[in-house]
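Undergrad: Build me a structure from this.
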Amino acid sequence: MLQPFLDSPPIVPYIRECDYAVRKPWNYPERRLLDYLLVYIQEGTCCFRVDHQKYMFYTGQFCLVQPGSLLSLEGLTNTVTPFLHFDIAYNPEREDSFPTRPGQIDLSAYSHLMQPTLQDLFKIRVPVHVQPQNPILLKEKLLQTIELVHMPNPLTQLRAQQVMLEIILTLLEPYQREAPSPTPSLNWITSYFSHHLSDPLSVQDMADRANLSVSRFSFLFKQRYGTSPHQYLLQMRIHHAKELLTNTELSLESISDYCGFADLHHFSKIFKQRTGTTPGEHRKSTKNPSNR
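TA: Numbering: from 1, shown residues only. The predicted structure is shown next:
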């Protein structure tokens, strides 16, 4: 298979609900979240319970509650709490998701809408009482997002997406040093091969691109794709040659060059080994009669 496997869903932030909450002392009963909730305590004092643990929040502090968490909220004084319900990972059904309501604790019927946590996505643990390196910047980004969402047009929507990515990075950055060293991702490899298909790539070139030793790169590659880097690249070249033979009038010499073979003889030899036919025979057998 020539397409890369995705280790996790794409990171595409989605703003579900955001606003300023200006309230006298208040209480929001227990529920479980499907998405992320970021709250900034602009004024007042709050007591939030997350997964049965009590957290006190005061003016200027931030609370981040992640998907799957059991949550109850209480404002102990008059409060101003800008908040943001959002997704991070793309889900094609995310428009069906919602900020859960009091008493919604068993979410088994909505498990397909549950967002992965930051630990799931990035292997980074971020606490409920989040402490950004630049709290003023995070506050400004949160308030800016609320403003942008309430001015809907294509450009402000794009800007809101950009600001949301900045918010996510701001939340993650103080805690990334605590993340274990991940296994290097090879998701880029097929695009890299495709871009360099006509070049004389060596396994050393590939390993350098991945910042790995040749032996480590080869081991991880075979673990991921079930074959060696050289054999995978060769298969991509044969696949591309088949497409060109079938869909173009390019000469065999040009196809050999475009697909990264040393010369026509080498191309013909490898192609027959892999397909059982010569390039010319393949072209004759697959060419659309109307184009002959």
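Undergrad: Tell me where the model's unsure across the stretch 151-292 of the chain.
TA: 178-183, 288-292 (pLDDT under 70).
Undergrad: Now do the helices in it.
TA: Here the stretch 151-292 of the chain has its helices, by DSSP state H, counting those that start in this stretch, at 154-172, 189-195, 203-209, 214-225, 229-247, 252-258, 264-275, 279-286.
Undergrad: For Glu95, find the nearest of those.
TA: Closest approach to Glu95 among these is made by helix 154-172 (14.1 Å; C-beta to C-beta). All C-beta spots, glycine's among them, are computed from the backbone N, C-alpha and C.
Undergrad: Now do the buried residues in the closest one.
TA: By neighbour count on 16 or more other C-beta atoms under 10 Å, the buried set for helix 154-172 is 159-160, 163-164, 166-168, 170-172.
Undergrad: could you dump it to CSV, C-alpha only?
TA: Only the C-alpha atoms of helix 154-172 are listed here, as CSV (Å, rounded to 0.1, in the frame of the first residue of the first chain):
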residue,chain,number,x,y,z
PRO,A,154,-14.8,33.7,5.8
LEU,A,155,-11.8,35.8,6.7
THR,A,156,-12.6,36.1,10.4
GLN,A,157,-13.3,32.3,10.5
LEU,A,158,-9.8,31.7,9.1
ARG,A,159,-8.3,34.1,11.6
ALA,A,160,-10.2,32.3,14.4
GLN,A,161,-8.7,29.0,13.3
GLN,A,162,-5.2,30.5,13.4
VAL,A,163,-5.7,32.0,16.8
MET,A,164,-7.0,28.6,18.1
LEU,A,165,-3.8,26.9,17.0
GLU,A,166,-1.9,29.6,18.9
ILE,A,167,-4.0,28.9,22.0
ILE,A,168,-3.3,25.2,21.8
LEU,A,169,0.4,25.8,21.4
THR,A,170,0.3,28.2,24.4
LEU,A,171,-1.4,25.6,26.5
LEU,A,172,1.1,22.9,25.5
